[in-house]
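**Student:** fold the following.
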Amino acid sequence: MASATSWEIIESFAAALRNHAALNEWAQAEYAQPLRILQGINMANLPREEDCPLIALVPESGKFGRITEHAATIRVVLAVNDDRFVDDALEGLKLLATDFGSLTLQALQDGEDGFYIGEVADLYELSDFPLLYREFQITITSSTCIGGNEL
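**Tutor:** The predicted structure is shown next:
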């Protein structure tokens with residue numbers, strides 16, 4: 001696959017998330033509202049509790065030039081507004097770690113553009129409770145082409 005810009009990857013990821021039936025059905029069933037997909041984050045007007053559940057896609061870093069493999073890292077931020085405790089477990093955190101997280105990764109892997117998802121790192125953020133976040137740092141790699149042929 002030829003190298004793509006970070007923004008092309010974000011547009012592809014956003015389409016994959018919007019078109020993934022199981023992910024969108026899950027959001028509607030669990031939170032009684034549609035999943036919101038953001039391409040970037042307005043730091044002056046951050047998402048609020050009523051905007052959840054949401055996924056924000058943000059370009060993070062890239063590796064390009066005269067190298068055999070190009071890479072772009074996209075931050076995928078999942079957010080829920082969920083302070084429920086069920087059997088002494090924080091339900092929103094559990095959903096980020098299970099259903100919401102796995103459905104999101106599946107949607108990105110199933111995307112039409114077939115970007116190769118390499119390394120995935122993640123972290124959780126609880127400091128804005130009851131807003132709960134899980135962030136994936138997803139690295140997309142592609143081979144450099146010479147004369148129209150991939151290496």
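**Student:** pretty sure Leu103 sits in a helix.
**Tutor:** Yes. Under DSSP: H, G, I helix; E, B strand; the rest coil, Leu103 sits within a helix.
**Student:** which residue is the nearest non-sequential neighbour of it?
**Tutor:** Spatially, and ignoring its direct neighbours in sequence, Leu103 is nearest to Leu23 (4.3 Å; Cβ to Cβ, 6 or more residues apart in numbering). Where you see a C-beta, it was placed from the backbone N, CA and C, and this is true even at glycine.
**Student:** the helix or strand containing that neighbour: which residues count as buried?
**Tutor:** Applying DSSP states H and E as the criterion places Leu23 in helix 21-31. Counting neighbours by 16 or more other Cβ atoms under 10 Å, one finds that the buried residues in helix 21-31 are 23-24, 26-27, 30-31.
**Student:** let's have those residues in a markdown table, adding distance to Glu135 and pLDDT.
**Tutor:** As requested, the buried residues of helix 21-31 are arranged in a markdown table below (distance: Cβ to Cβ, whole Å; pLDDT from 0 to 100):
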| residue | distance to Glu135 | pLDDT |
| --- | --- | --- |
| Leu23 | 17 | 96 |
| Asn24 | 21 | 96 |
| Trp26 | 19 | 95 |
| Ala27 | 18 | 95 |
| Glu30 | 20 | 93 |
| Tyr31 | 19 | 94 |
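**Student:** assign the residue nearest to the spatial centre of the chain to helix, strand or coil.
**Tutor:** The centroid of the chain falls nearest to Val76 when counting by Cα atoms, centre = their mean (3.0 Å). Here Val76 is recorded as strand under three-state DSSP.
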